[in-house]
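Visitor: curious how this folds, go ahead:
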Amino acid sequence: MAKFQYKLQSVLDIKEKLESQEKIAFGIAMTKLLEEQEVLQKLMIQKAGYDKQARKLLEGNINLRDIHTCRQAVETMKTRIRAQMLEVHNAEKQLDIVRRRLNEVMIERKTYEKLREKKFEEFKAEVLYEENKEVDELVSYTYHQNED
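Guide: Reported below is the predicted structural model:
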């Protein structure tokens, strides 16, 4: 029996490798985004702590130096939070880019897989046709042998 050979198998293999590489890149980008979001959350918690400390300093005995230091810390945290928000936004953009590339590579791989399946179905039909042809020849030969 004939063996199925897909001419574009090497291309399909390359597409599968590209897809696995893009999946790895997607995982890395997702991890980076989660890390940046975690840093942002920690900064917000830290800022909330400074805000709470500033409110406590305004109660009871007022120490201007401590209040000023605490307000500077709050302003610094606001600046760091804004910068971190930009980092989160950049990580989201990068994740979106990687997601699009992954989708494109997956579509290409699926296209080649469908082509392979179509060629395999054609191959099976061809093999079935050849087998039926051989059976018909055998029946015809046997019939003519019995007539003689």
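
Visitor: report the buried residues of stretch 98-113.
Guide: Within stretch 98-113, the residues that count as buried by 16 or more other CB atoms under 10 Å are 98, 102, 105, 108-109, 112. Glycine gets a C-beta too; all of them are placed from N, C-alpha and C.

Visitor: for these, which one is nearest residue 137?
Guide: Comparing those against residue 137 with CB to CB places residue 112 closest, at 37.0 Å.

Visitor: hmm, the closest one is touching residue 11, no?
Guide: Yes. Counting by CB atoms under 8 Å, residue 112 touches residue 11, with 6.1 Å between them.

Visitor: quick revisit: quick check, nearest of the buried residues of stretch 98-113 to residue 125?
Guide: Taking CB to CB as the measure, residue 125 lies nearest residue 112 of these, at 20.4 Å.

Visitor: and that closest one, what does it touch?
Guide: Neighbouring residues of residue 112 by CB atoms under 8 Å, 6 or more residues apart in numbering: 8, 11-12, 15.

Visitor: among those residues, which lie within helices?
Guide: 11-12, 15 (DSSP state H).

Visitor: residue 51 and residue 146, how far apart?
Guide: 104 Å (CB to CB, to the nearest Å).

Visitor: which of the two has more neighbours?
Guide: More neighbours surround residue 51 than the other of residue 51 and residue 146, with 15 against 7 (other CB atoms under 10 Å).

Visitor: count of neighbours near residue 53?
Guide: Neighbours of residue 53 under the rule other CB under 10 Å: 15.
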